[in-house]
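>>> Next come a sequence and a model predicted from it.
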Amino acid sequence: MCRKLVAFVFALLMLSACGLRVRESRLGEGYAATSVNAAVFRAASVTSDGRWQFAAWYDADGAVVVARRALNPDGEWTSEVTDLRGDCTDAHNTISLGLDGAGYLHISWAQHGVPLKYARSRTPYHADFETIGEMVDADMERHVTYPEFRRFAGGDLLFAYRDGSSGNGDLVLNRYETATGRWTRVQSRLIDGERERNAYWQMYMDAQDVIHLSWVWRETWMVETNHDLCYAASRDGGRTWHRSDGSAYELPITLETAEVAWEIPQGSELINQTSMTADLQGHPCIATYWREPGDSIPQYRLVRFGGRVWSMSRVGERKTAFSLVGGGTKSIPISRPQIVTDGKRTMLVFRDIERGSRVSAAISLDLRRWQVHDLTPDSVDAWEPSLDYERWKREGVLDLFVQRAGQGDGEKTVDLPPQPVRILEVAF
């Protein structure tokens, strides 16, 4: 224990010398036999509105726990075990939080091809949830996976989910109006897999409420059939969509009509469901990984639109080969990355077995030269990064949800007891 403490203090001193300030808060303990609390596609595991911040996870018994703190220097975390439950043995069953402009907390949990589970708090800034059986249309809410909430600047919420299954699904969008307290359908089938494939997406909503969306296509439930990186954006809350050159999409978007930002063939160890961001000019940047033909080593990469053309650059140089084959949640030696930028610096957050599976951050001023720092001294095993996007956009503070998690290949559990849930607060 003393050795770990010394290593942690030394790491903090090194980060301080590099201009990073890191503070850790411990919130409780979470289920750790799968990565259900630590998957990258949790949007959001942590959320805030400038006054209060919330985080959610499953405890050892599969109960949803919600923690809250006031966002001031003296704010301390308090947690509450709710009546909501989920099957933690399936890592797809993640928890997503939303916080609307009136302070009401929204939650969706335990969603893997099952009817929508959605609840809203009865009281602003509290986790006194009332389960709501239907959001918009029950017929379109029978096979829900990958729920995520995004917040508009005015306080309304966007809710995205997949209707269908792996290799056969469509992307659906709903909008919550804070003024009326009602959900409406924005898109019933934004991206259409035509019953032959589905899109695995990543989304970012910038400070101007532009919705940036990118995705890979998957032809079957097998991960090796991922291919091509595509892009679309909306400036009107998701009603109409355009390509990077401004040309309008005819909806729904299909394989034939999608803008391909970067061509990547099947069998390239291309991962799905990563992250993206946009710079101050509104130019999108997508973080992911794959391997080039003739190479056996997947590398972290950025695919960026500079205003005229798309370009690709690598982040670092990995030395360890691995292969993505099969279905279900995979046990992978690296995490899917999260990317953020403040207009001056870009940060890629990840976990790599080559760095002892710690929480790591690669930082660059020009997207060519990168400095990599470890934010924790200990391994987090199968953890992947998720964060409070709203606080990042407001304050430039990166609040990461961190919990050591195991994951067996193909939806298997591992023998790992509950682990501490932490918020790692990183400031430049």
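It's in. Numbering: from 1, shown residues only.
>>> Go ahead and confirm residue 176 touches residue 159.
Yes - taking contacts as Cβ atoms under 8 Å, residue 176 lies within contact range of residue 159: 6.8 Å. (C-beta placed from N, C-alpha, C; glycine too.)
>>> any shared contact partners between the two?
Common contacts of residue 176 and residue 159, defined by Cβ atoms under 8 Å, 6 or more residues apart in numbering, comprise 98, 106, 183.
>>> Please list all residues in contact with the most centrally placed residue in the chain.
Centroid-nearest residue in the chain: residue 41, 3.4 Å away (criterion: Cα atoms, centre = their mean). Taking Cβ under 8 Å, 6+ apart, we find residue 41 in contact with 94, 146, 148, 202, 273, 386.
>>> Now with 10 Å, please.
Residues near residue 41 by Cβ atoms under 10 Å, 6 or more residues apart in numbering: 92, 94, 96, 145-148, 200-203, 272-275, 336, 384, 386.
>>> List the ones among those residues that fall in strands.
96, 145, 146, 147, 148, 200, 201, 202, 203, 275, 386 (DSSP state E).
>>> Identify the bridge partners of the fifth one.
Note on residue 148: beta-bridge partners by DSSP bridges are residue 43, residue 160.
>>> Where do the helices of the stretch 301-428 of the chain begin and end?
Taking DSSP state H, counting those that start in this stretch as the test, the helices found in the stretch 301-428 of the chain are 389-395.
>>> quick one: low-confidence parts of it?
The stretch 301-428 of the chain contains no residues with pLDDT under 70.
>>> Could you do the chain as well?
Regions of the chain meeting the criterion pLDDT under 70 cover residues 1-18.
>>> at 50 what do you get?
Of all residues in the chain, those with pLDDT under 50 make up the ranges 1-2, 4-14, 17.
>>> what residues are up against the closest residue in space to residue 312 that isn't next to it in sequence?
Leaving aside its chain neighbours, residue 312 sits nearest to residue 303 (5.2 Å; criterion: Cβ to Cβ, 6 or more residues apart in numbering). Counting by Cβ under 10 Å, 6+ apart, residue 303 touches 214, 229, 231, 261-262, 264, 276, 284-288, 310-313.
>>> same thing with residue 333?
Contacts of residue 333 by Cβ under 10 Å, 6+ apart are 298, 318, 320, 321, 322, 351, 352, 353, 354, 357, 382.
>>> hmm, which of these are the buried ones?
The neighbour-count test (16 or more other Cβ atoms under 10 Å) applied to the contacts of residue 333 identifies 298, 318, 322, 351, 352, 353, 357, 382 as buried.
>>> Settle this for me: the third one is touching residue 354, isn't it.
No - Residue 322 sits out of contact with residue 354 when judged by Cβ atoms under 10 Å, with a separation of 11.1 Å.
>>> measure residue 129 to residue 40 for me?
From residue 129 over to residue 40 the distance is 25 Å, taken as Cβ to Cβ, to the nearest Å.
>>> again, but for residue 290
With the distance defined as Cβ to Cβ, residue 290 ends up 16 Å from residue 40.
>>> quick one: which of the two has more around it?
Counted by other Cβ atoms under 10 Å, residue 290 and residue 40 do not tie: residue 40 has more neighbours, with 25 against 22.
>>> just checking, that one is part of a strand?
No - according to DSSP: H, G, I helix; E, B strand; the rest coil, residue 40 belongs to no strand; its state is coil.
>>> list the contacts for it?
By Cβ under 10 Å, 6+ apart, residue 40 lies in contact with 94, 202, 271, 273-275, 335-338, 349-351, 383-387.
>>> Recalculate using a threshold of 6 Å.
Neighbouring residues of residue 40 by Cβ atoms under 6 Å, 6 or more residues apart in numbering: 336, 384.
>>> Against residue 25, how distant is it?
For residue 40, the distance to residue 25 equals 21 Å [Cβ to Cβ].
>>> do residue 389 as well
Distance from residue 389 to residue 25, counting by Cβ to Cβ: 18 Å.
>>> between these two, who's got more neighbours?
Set residue 389 next to residue 25 and count neighbours by other Cβ under 10 Å: residue 389 wins out with 24 against 17.
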